[in-house]
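K.L.:
Show me how the following folds:
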Amino acid sequence: MTHSPDTPSSAPEPDDLTPLDAEDATLDVEAALGIISAQRAAVRDTVEPDTRLLFATWGLAWLVGNLLLFMTARESTMLTPAGWSFAIYYVLLAVAVAVTIVHTVQRSRGVVGPSGRSGAMFGWAWTISFVGVFLTMTGLMEAGASPQIINLGWSALSCLLVGILYLAGGAMWQSTVLYALGGWIVVVAGASTLAGLPGSFLVMALAGGGGLLVGALASHVREYRRA
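P.N.:
Numbering: from 1, shown residues only. Next up is the predicted model:
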């Protein structure tokens, strides 16, 4: 049976495509993949915490706060920082914790399901953890710990806590930068106690705060290149 002239012809088979048609199909696939990749990046940027903000906030807090502690402790005969420098240091830490909580919770607010809940829980983990540090150090002071141990403890435990939380955040969001910097902070926390007083404050300021600021710069360069 023959087809009439008005009968529509069937679609061409893949083998019948011309080289130009095959090239167009390849370009269409590449464009679709590019759109998908851009959408994933947009979702990531609105859900994952901005490491530049977190690193810069904590870096400035540690750099300024620990430099003040170092300078006042160096001028003291007991190698103990002045009370006003500790007050400023605690205020800076409180600001950094608040910025971390607010930023992380806001980034997780628009996400439903386990991911959103995990982000919110991670944000509030900062407050819970620092309450634990405060109770631990209060107990050591009431037990009669020496001023040197108290000063080393406040600085090292705070640093250790931030490093561990960064490690947890890096594992949760699959962020190599966040995880690597968390590991660096944990090492700095231990090394600062070996420096003694007042050297521990200087180690925390330069290696801890300075390292975080370098991490903020590296994250900014990475995001710029990705964009």
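K.L.:
only C-alpha atoms for contact and neighbour calcs from this point on.
P.N.:
Fine.
K.L.:
what mean pLDDT would you report for stretch 123-130?
P.N.:
Averaging the model's pLDDT scores along stretch 123-130 yields 89.
K.L.:
For the chain, give me the ranges with low pLDDT.
P.N.:
1-47, 109-116, 227 (pLDDT under 70).
K.L.:
Tell me, domain by domain, which residues of it belong where.
P.N.:
17-47, 49-226 (automatic domain parsing).
K.L.:
want to throw those domains into a markdown table with mean neighbour count?
P.N.:
Formatted as a markdown table, the domains of the chain follow (neighbours: other C-alpha atoms under 10 Å):
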| stretch | mean neighbour count |
| --- | --- |
| domain 17-47 | 12 |
| domain 49-226 | 18 |
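K.L.:
Distance of residue 226 relative to residue 161?
P.N.:
Computed as C-alpha to C-alpha, to the nearest Å, the residue 226 to residue 161 distance reads 30 Å.
K.L.:
sorry, that was for residue 59
P.N.:
Taking C-alpha to C-alpha, one finds residue 59 at 15 Å from residue 161.
K.L.:
Please apply the same query to residue 71.
P.N.:
From residue 71 to residue 161 the distance is 24 Å (C-alpha to C-alpha).
K.L.:
before we move on, what about residue 87?
P.N.:
Distance from residue 87 to residue 161, by C-alpha to C-alpha: 20 Å.
K.L.:
Residue 208 now?
P.N.:
13 Å.
K.L.:
Then residue 190?
P.N.:
From residue 190 to residue 161 the distance is 11 Å (C-alpha to C-alpha).
K.L.:
Give the residues shared as contacts by those two.
P.N.:
Residues touching both residue 190 and residue 161 (C-alpha atoms under 8 Å, 6 or more residues apart in numbering): none.
K.L.:
Spell out which helix or strand contains residue 219, please.
P.N.:
Using DSSP states H and E, residue 219 sits within helix 210-226.
K.L.:
Grab the CA positions of that helix and hand them over as CSV.
P.N.:
Taking Å, rounded to 0.1, in the frame of the first residue of the first chain, the C-alpha atoms of helix 210-226 are listed here in CSV:
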residue,chain,number,x,y,z
GLY,A,210,44.2,35.8,61.4
GLY,A,211,43.5,32.3,60.1
LEU,A,212,39.8,33.0,60.0
LEU,A,213,40.3,36.3,58.1
VAL,A,214,42.5,34.5,55.6
GLY,A,215,39.7,31.9,55.3
ALA,A,216,37.2,34.7,54.7
LEU,A,217,39.4,36.1,51.9
ALA,A,218,39.9,32.6,50.3
SER,A,219,36.1,32.0,50.4
HIS,A,220,35.5,35.4,48.8
VAL,A,221,37.9,34.6,46.0
ARG,A,222,36.4,31.2,45.5
GLU,A,223,32.9,32.6,45.2
TYR,A,224,34.0,35.3,42.8
ARG,A,225,35.6,32.8,40.5
ARG,A,226,32.6,30.5,40.7
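K.L.:
Thanks a lot, see you next time.
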